[in-house]
Structure formats: C-alpha cells, structure tokens
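Student: Next come a sequence and a model predicted from it.
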Amino acid sequence: MAKMWAGVTDGITSKIADDFNSSISFDSRMYREDITGSQAHAKMLAKQGIITDSERDEIVSGLEGILRDIDSGALRFDPDCEDIHMFVEQVLTERIGESGKKLHTARSRNDQVALDLRLYLRGQTDSLTLLLKDAAEALLQKAEEYKDAVMPGYTHLQRAQPVLFGHWLLAYCMMLLRDLDRLKDCRKRMNISPIGACALAGTTYSTDRRYEAGLLGFSDICRNSVDAVSDRDFALELMSCLSILQTHLSRLCEELILWSSWEFRFISLSDSFTTGSSIMPQKKNPDMAELIRGKTGRVYGDLMTLLTALKGTPLAYNKDMQEDKEAVFDCVDAVAACLTVLAPMIREMKANRENMLSAAKKGFINATDLADYLVRKGLPFRSAYKAAGQAVKRCTDLGLDLESLPIEEYRSISDLISEDVYTDISLSECVKRRISEGGTGYASVDGQIEYVKQELSKY
Ligand code: ARG
C-alpha cells in the first residue's frame, strides 16, 4: 500500500526498508500523549477558524474513542504503520472520514514527535519523583531507627573514625534530595511546547501556539521553530539526572552488599529481597542490590547512546533522532524499576548494632580522638598526632587497643596524659564530641533528620 506521505515518490517502499524505518514497536507507548496532543491541536485549529467546530468535535471524540479502544485492548497497533503518529491519524480517518484528514493541518510529525516525547517524559519525571521520594523516605526511616548505632566510618575502605549509622544513611538522603531537586529543575526546561514549529520553519496558518501549549499544561513555548524540532536536550538532561541518581543508588547498593557479607555482618537484608543458591544451601544473596548496581551500566549507556546519536546531526530534524526513544525509555524504565525495589528492600533491612560496634572497637579508629585529647592538654596538633601514632604502634606491639593500653605506657609517650584519657577516647565519647555542624554528633544527626523530613515534604 502507498504511504500516507506518498507525494513526489510513489510511496511504495521495500518491506526491508519499512521494517528498518518503523518505530511503532517502541513509540506506541506514547499513544496517550499523541492523542491528547492531537485533541489540543484540533481545539486550537477550531479556535482559529482553520477547521469548523463540528470538525473539531468529530476529531476530539474520534480520538477519545481510539484512546478507549487502545486502553481496553480492542484496538491493536498495526505493525505495518510507520509510527504511532501515522497509526492514530490513519485509524481516525478510517473512523470519521474527511474531517480526520484535516487534523494534520499546521503541524508536522517533526513537531508532533517532539511534543509527544516531552509530554511522555514529563509524566515519567513526575512518577520518578514520587518513587525517588519514597526511597529517600525509606532511608530516612532507617536513619532514624539507627540514629544512635555506632559504626566504623571508612575512608579507602579502611576504618577511619567512629560515626553513627544514621549519619551514614543520611549522607545518602542528602544525595537523593539533590537528585529530587535536579529532576524538578530538569522538568522546568522540559515543560516547554514545541508544537506549532511544524516541519522546521513555522506555518502560513494563523495558529495560536500559546493557546495549544496552555491546553497541554506547558509553561511556555519554544521560541525558535528550528530549535523546537531539533532539540532533544530535555531527554539528555533527564538521562543525565538519572545517571547521577543511579550512581548514588549503585554506591548505596555496593555498601549494602558489603555490609551484608559475613566479613562485615552490619546488616541483614530480608528474605523477601534476597535469593538462595541452587547449590549452596547456606547462601543468601543480595541479588536485588547487585542488579541495581548492574543496571547503572545501561543507564549510563542510554545517555551515551543519545549524546552520540545527536552529536553530528545538522539542524533541523533528522531520522537519527528516532533513536532517542529506545534509549530514553530504557533509561526511565531501569531507574523506575531500581527505585521500586530499593524502597521496600531498605524498609525491611535490619542492622546489627553489636557487630557494628565491635567493628568500631577495632582498627584504632579513636586515634584522632587521642590526638585531639592531647591538643586539649596543650600540645600543638602535629606533635599530638605523632604521640598518638606512637601509642598506636605500642598497642600493635603489645596486641592491645587504645582503650586498654596501660597508663604507664601512655605516660612514657607523654606526661600530659592522665586517667581521664580513657573516657575521652571511648567510642561513645568520640561520637558525642563531633559537635561541628553536619558532623556525626547526636544533635547534628537529629538536626539532619529534621532537615531531610522538611525538604521531602516539599515534593
Ligand atoms: N518516528 C519519527 C521519530 O520518532 C517521527 C518523526 C518523523 N518525521 C519525519 N519527517 N520522518 O522521530
């Protein structure tokens, strides 16, 4: 059959070319946006006197019927149609006749596809925001539950200083808050209407682009028609935001995996979010956390796909741009799936306070506190640092820790040290003394919990 766009060519293409060119297998997921966009377009055309009110009514209700039938499954996508835009228009014309043929006045598939994708991704951004908020809330609840559990804080994956487990989890809450903010910001630039740019140059009809944009909930219109049909940075920006978000999820999951290992045993993931091994009966594998970490690769890959597809394309529309959809759909699907599993997995996770505490007792993680003690006694920090280092060395030789090193040993290192050193370097004291704003002290952690709560309530 000849194509709807048969004009200078006869519109008859090879089946191989058709299959290669077709996007309906993946862009059909934008059917709702395509239909809503077309309804708004018909309303604008009628308002401007380009079509009649009764033609508008036929188009709008015809489209409504198509939407209903796709939703119910009564109407199936025709794989021989080039894309979702052609499909909807073809079915409409079959159903309502002549007025259906008027719908495509003063627009082109170039602005139509840009419109559909913006509408679709706007909806996705909104649902991702809710999923992200839920994951952040789950982390916040855990932080509250374990706000007083002492664990070793790490740098270079070496025990560094004692911190509260709540403090560690709040670090992730802060990252997710920024991710929420980034999505919000990205949505602003996405929520601009390209429709009315037509093929690339605008149109000879007296259209009202702002009216149409308003019907669709956009906050503004694209100011340049060439830019309107060429721009995909709203999709790139969303994928950039999601790549950063996914980096955060991946780092968190890496820690969950480590912490749930026998080597750490800081947490246990619930049975409902782990798997067994087909051969080793003792195994409880953190598959969900590993998959979240693993899916990060495809999220970055999707961003690279579109960046690379766009980089050499001249203005305005090129068919290369059809490659945007699978990448961005895969990206939003992957991140949504990760967030959906992460939130309940965190809610069901349990921490082991005793194991964290006993790990914190090893590794001389209060050595900095011993140095700080000597500073309080009047030694300059550099000399105090040296003396504390000597104490650690002495402990290693004797197989002791700083809490059990006898006072005579301390005295031989510095006569500024007296019995009160033992309280000052006790783990709970070390945490309590981290009073600086944003530190791991108890009051600071309480303050952070309040802050995160307040920020999350804005979404
Ligand atoms: N399926 C196309 C896409 O996704 C729609 C736009 C086609 N426009 C055109 N002039 N070929 O990009």
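Tutor: Everything's here; your move.
Student: Pull the contacting residues for whichever residue of the stretch 251-400 of the chain sits closest to the ligand.
Tutor: Of all residues in the stretch 251-400 of the chain, residue 322 sits closest to the ligand, at 3.7 Å by C-beta to the nearest ligand atom. Every C-beta, even on glycine, is put in place using the N, C-alpha and C of the backbone. Counting by C-beta atoms under 8 Å, 6 or more residues apart in numbering, residue 322 touches 23, 27.
Student: For this structure, what lies in contact range of the ligand?
Tutor: Applying C-beta under 6 Å from any ligand atom, we find that the chain lies next to the ligand at 23, 27, 83, 109-110, 113, 317, 319, 321-322.
Student: Now do the helices in the stretch 101-250 of the chain.
Tutor: 109-145, 165-190, 209-215, 225-230, 233-259 (DSSP state H, counting those that start in this stretch).
Student: picking up where we left off before, please convert the buried members of the residues of the chain next to the ligand into ChimeraX selection syntax.
Tutor: Selection of buried members from those for ChimeraX, criterion 16 or more other C-beta atoms under 10 Å:
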select :23,27,83,109,110,113,317,321,322
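Student: so how far is residue 351 from residue 268?
Tutor: Residue 268 sits 8 Å away from residue 351, going by C-beta to C-beta, to the nearest Å.
Student: got it, and residue 377?
Tutor: Going from residue 377 to residue 351 by C-beta to C-beta gives 36 Å.
Student: likewise residue 381?
Tutor: 34 Å.
Student: So these two - more neighbours on which side?
Tutor: residue 351 (18 against 11; other C-beta atoms under 10 Å).
Student: Got phi/psi on the more buried one?
Tutor: Dihedral angles of residue 351 (phi, psi; degrees, to the nearest 10) stand at phi -100, psi 150.
Student: Surely it and residue 165 touch.
Tutor: Yes - counting by C-beta atoms under 8 Å, residue 351 touches residue 165, with 5.9 Å between them.
Student: what do the two both touch?
Tutor: With C-beta under 8 Å, 6+ apart, residue 351 and residue 165 have common neighbours 146, 149, 266.
Student: At which residues are the strands of the stretch 251-400 of the chain located?
Tutor: 267-268, 350-351 (DSSP state E, counting those that start in this stretch).
Student: how many neighbours does residue 335 have?
Tutor: 28.
Student: Just list the residues touching the spatially closest residue to it that is not a sequence neighbour, thanks.
Tutor: In space, residue 335 comes closest to residue 242 once its chain neighbours are excluded; the distance is 4.8 Å by C-beta to C-beta, 6 or more residues apart in numbering. Listed by C-beta under 8 Å, 6+ apart, the contact partners of residue 242 are 128, 299, 303, 331-332, 335.
Student: C-terminal to the helix or strand hosting residue 431, which secondary structure element comes first?
Tutor: Take DSSP states H and E as the rule and residue 431 turns out to sit in helix 427-432. The helix or strand immediately downstream of helix 427-432 is helix 442-456, counting by DSSP H and E.
Student: on that earlier part again, reformat the strands of the stretch 251-400 of the chain as TSV; add mean pLDDT and distance to residue 410.
Tutor: Output for the strands of the stretch 251-400 of the chain, formatted as TSV (pLDDT from 0 to 100; distance: least, C-beta to C-beta, whole Å):
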stretch	mean pLDDT	distance to residue 410
strand 267-268	95	36
strand 350-351	97	34
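Student: Can you add distance to residue 411 and give those strands back as a markdown table?
Tutor: Putting these into a markdown table (distance: least, C-beta to C-beta, whole Å) gives the following:
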| stretch | distance to residue 411 |
| --- | --- |
| strand 267-268 | 41 |
| strand 350-351 | 39 |
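Student: which one of these has the most crowded surroundings?
Tutor: strand 267-268 (a mean of 19; mean count of other C-beta atoms under 10 Å).
Student: what comes into contact with it?
Tutor: For strand 267-268, contacts defined as C-beta under 8 Å, 6+ apart pick out 256, 259-260, 284, 349-352.
Student: now those residues: which count as buried?
Tutor: In the contacts of strand 267-268, burial by neighbour count holds for 256, 259-260, 349, 351-352, counting by 16+ other C-beta under 10 Å.
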